[in-house]
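Trainee: give me the fold of what follows.
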Amino acid sequence: MFLSTLEIQNIIEHSFLPAVCTCSMEADQSLTIRVCDCMTGKVDLVATHVPVWTLDSPHAIASLVADMRQEIEAHKGIHPPFYR
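Mentor: Here you go, the predicted structure:
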């Protein structure tokens, strides 16, 4: 199955809703994917040099999104201690 770069970008961007996700194609034919919190605008994750040629199926895209979500959640779980 062959998906166009625009289709891949659209699928990835919509997969992170309600977060704001933007994908941009780099000169080396890789993607830079930036995910930001929709309420604060804080950048949750930036993935660079994602090889677009490896995203050749819905499963490959879903795996990438799942890995990125896991990374975001892992970093959100790190909070300073809460003092009362």
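Trainee: partner strands of the longest strand anywhere in the chain and their direction?
Mentor: The single longest strand within the chain, with elements called by DSSP state E, is strand 43-51. Applying DSSP bridges, strand 43-51 is found paired with strand 30-36 (antiparallel).
Trainee: export the partner strand as PDB, just CAs?
Mentor: These are the backbone C-alpha positions of strand 30-36, laid out as PDB (Å, rounded to 0.1, in the frame of the first residue of the first chain):
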ATOM      1  CA  SER A  30      12.300  12.800   6.500                       C
ATOM      2  CA  LEU A  31       9.600  14.200   8.600                       C
ATOM      3  CA  THR A  32       9.800  16.500  11.600                       C
ATOM      4  CA  ILE A  33       6.800  16.000  13.800                       C
ATOM      5  CA  ARG A  34       5.900  18.500  16.600                       C
ATOM      6  CA  VAL A  35       3.200  17.800  19.100                       C
ATOM      7  CA  CYS A  36       2.000  20.600  21.400                       C
END
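Trainee: I figured Ala19 hits Lys42, correct?
Mentor: No. The criterion here is CB atoms under 8 Å, and Ala19 misses it with Lys42 at 10.2 Å. For every residue, glycine as well, the C-beta is placed using N, CA and C.
Trainee: more neighbours, these two?
Mentor: Ala19 (16 against 8; other CB atoms under 10 Å).
Trainee: coming back round to it: overlap in contacts, Ala19 and Lys42.
Mentor: Cys36 (CB atoms under 8 Å, 6 or more residues apart in numbering).
Trainee: can you give me how far the worst-scoring helix or strand of the chain on mean pLDDT is from the chain middle?
Mentor: Ranked by mean pLDDT, DSSP states H and E, the helix or strand of the chain with the weakest confidence is helix 58-76, at a mean of 92. Computed by CA atoms, centre = their mean, to the nearest Å, the chain-centroid distance of helix 58-76 equals 7 Å.
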